[in-house]
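Chemist: give me a 3D structure for the following:
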Amino acid sequence: MLNPNLDEIQLSKEEYERYSRHLILPEVGLDGQKRLKAASVLCIGTGGLGSPLLLYLAAAGIGRIGIVDFDVVDYSNLQRQVIHGTSWVGKPKIQSAKDRILEINPYCQVDLYETRLSSENALSILEPYDVVADGTDNFPTRYLVNDACVLLNKPNVYGSIFRFEGQATVFNYEGGPNYRDLYPEPPPPGLVPSCAEGGVLGILPGIIGVIQATETVKIILGQGQTLSGRLLLYNALNMTFRELKLRPNPVRPVIEKLVDYEEFCGIPQAKAAEAQQQAAMEEITVQELKQILDSRAEDYVVVDVRNPNEYEIAQIPGTVLVPLPEIENGDGIAKIKELLNGHKLIVHCKMGGRSAKAISLLKEAGVDGINVKGGINAWSQEVDPSVPQY
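Modeler: Residues are numbered from 1 along each chain as shown. Predicted coordinates for the structure are as follows:
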């Protein structure tokens, strides 16, 4: 409740001690701490952004915290998802998060929704909460969360991260802009790489997630100036913050209902095109690639289209590095043509997507290639476990 009856809310002796540094702040005080205890916040995701967000909301004394996630903890998460620990690898993230929250603050009520947020369940899941914090990493869910918040009139505390850069703002608050004012249309699928493809500095989501927690607490307290109408941009490499003004678009479409957000973002169309492309593309398994390499066949050239820093991490023996960006600008195509000299071309990457794109570009230039399904990740899993996965 953003406007609770404070007379009905009591703090225990232990809570007075726990929140003592808040209680002596004039901007928080006893009434403010009671507001935090009466408030409810729903966090979408317990990943890089959700981890610090949840930790600090729990520590601040938010009375009810909801968590939506359906993923399990992976070793690759631990570099940035600080709410999880090594002992939780392979187990549900929401259970890991709940355990950690209650370790920090046993006075929190923690609601778990181990499900994928969808147009069918979003309104019922979001409806009981005062504030929604979006810690997701994909466009369909961001549009879904935004539209559900608009329909339910909930503040949407937004953050996003990529490589060394992050952004944060507050959507749909006190007549301010919503996510569709920032991004009226989603980008084409595949245009913006995921963190798994492009990487992310592990500390970065800590900064953005803490900013989201700060905005959430300010909304509940009714104190300060929120980021509504301001997009905060952070560059960790340069250690710079800057702002862009955001305003509601007077001609934006009215949100009247939730739609199919996968369809809205072009995901099914992209998958169909990719499937059609793969059906027309010759592919081999990593086991078949191993047979070719073991036979020392001299009529094949195997090209790795990952980035040089990835090549340093893990390599398939006998491969030649020609990064995809070089193929896209044309230099790599000339290099591959020179390497082939009448031989057959095999192409691989991390998981098979970039190599498929490279083969399509090469085909347009008159060069046929064979794609390795699953890329070097499959090679590590099925052929040579000593090759690191990343």
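
Chemist: could you tell me how far stretch 378-390 lies from the centre of the chain?
Modeler: Averaging C-alpha positions (Cα atoms, centre = their mean, to the nearest Å) puts stretch 378-390 25 Å from its chain's average.

Chemist: go on, stretch 112-124?
Modeler: 17 Å.

Chemist: and the residue nearest the centre of the chain?
Modeler: residue 137 (2.4 Å; Cα atoms, centre = their mean).

Chemist: what residues are up against that one?
Modeler: 45, 47-48, 160-161, 194-195 (Cβ atoms under 8 Å, 6 or more residues apart in numbering). All C-beta spots, glycine's among them, are computed from the backbone N, C-alpha and C.

Chemist: same deal with residue 249?
Modeler: 177, 180-181, 184.

Chemist: just residue 268 next, same as before
Modeler: By Cβ under 8 Å, 6+ apart, the contact set of residue 268 is residue 262.

Chemist: next, it: phi, psi?
Modeler: phi -60, psi -40 (degrees, to the nearest 10).

Chemist: over to the one 5 residues further on?
Modeler: Backbone torsions for residue 273, taken as degrees, to the nearest 10, come to phi -70, psi -40.

Chemist: so for it, what's the pLDDT?
Modeler: pLDDT, residue 273: 71.

Chemist: dump the residue contacts of the closest residue to residue 129 other than its chain neighbours.
Modeler: Distances taken as Cβ to Cβ, 6 or more residues apart in numbering put residue 42 closest to residue 129, at 4.0 Å, once the chain neighbours are dropped. Counting by Cβ under 8 Å, 6+ apart, residue 42 touches 65-68, 125-126, 129, 131-133.

Chemist: give me the distance between residue 42 and residue 73.
Modeler: 21 Å (Cβ to Cβ, to the nearest Å).

Chemist: could you pull out the helices for the stretch 201-350 of the chain?
Modeler: Under the criterion DSSP state H, counting those that start in this stretch, the stretch 201-350 of the chain carries helices at the ranges 204-221, 261-264, 267-279, 286-294, 308-313, 324-328, 331-340.

Chemist: and these, which is most packed in?
Modeler: helix 204-221 (a mean of 23; mean count of other Cβ atoms under 10 Å).

Chemist: quick check: residue 57 touching residue 212?
Modeler: No. At 9.2 Å, residue 57 does not count as touching residue 212 under the criterion of Cβ atoms under 8 Å.

Chemist: anything in contact with each of the two?
Modeler: residue 133.

Chemist: pretty sure residue 111 sits in a helix.
Modeler: No. The assignment for residue 111 by DSSP: H, G, I helix; E, B strand; the rest coil gives strand, which leaves it out of any helix.

Chemist: so which residues of the stretch 51-200 of the chain form strands?
Modeler: Taking DSSP state E, counting those that start in this stretch, the strands of the stretch 51-200 of the chain run over residues 64-68, 109-113, 131-134, 156-162, 165-171.

Chemist: what residue ranges in this protein score low on pLDDT?
Modeler: Across the chain, the ranges flagged by pLDDT under 70 are 1, 276-279.

Chemist: dump the helices of the stretch 201-350 of the chain into CSV; add distance to residue 234 as well.
Modeler: Below are the helices of the stretch 201-350 of the chain laid out as CSV (distance: least, Cβ to Cβ, whole Å):
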stretch, distance to residue 234
helix 204-221, 6
helix 261-264, 27
helix 267-279, 28
helix 286-294, 40
helix 308-313, 23
helix 324-328, 26
helix 331-340, 33
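
Chemist: rewinding a little: and the residue nearest to residue 129, what element?
Modeler: Assessed by DSSP states H and E, residue 42 sits inside strand 40-44.

Chemist: hmm, back to that, out of the contacts of residue 249, list just those in helices.
Modeler: Among the contacts of residue 249, the residues falling in helices (DSSP state H) are 180-181.

Chemist: related to what we said a few turns ago, of all the helices of the stretch 201-350 of the chain, which one is nearest residue 373?
Modeler: Residue 373 sits nearest to helix 286-294 of all the helices of the stretch 201-350 of the chain, at 7.3 Å, using Cβ to Cβ.

Chemist: list of residues touching that closest one?
Modeler: Against helix 286-294 from outside (Cβ under 8 Å, 6+ apart): 284, 300, 302, 316-318, 346, 348, 372-374, 378-379, 382-383.

Chemist: let's see that with 7 Å instead.
Modeler: 300, 317-318, 346, 372, 374, 378-379, 382-383 (Cβ atoms under 7 Å, 6 or more residues apart in numbering).

Chemist: and the gap between the nearest residue to residue 150 once chain neighbours are set aside and residue 55?
Modeler: Nearest non-adjacent residue to residue 150, counting by Cβ to Cβ, 6+ apart: residue 255, 4.7 Å away. With distances taken as Cβ to Cβ, residue 255 is found 32 Å from residue 55.

Chemist: looking at these two, which has the bigger crowd around it?
Modeler: More crowded of residue 255 and residue 55, by other Cβ atoms under 10 Å: residue 55, with 21 against 17.
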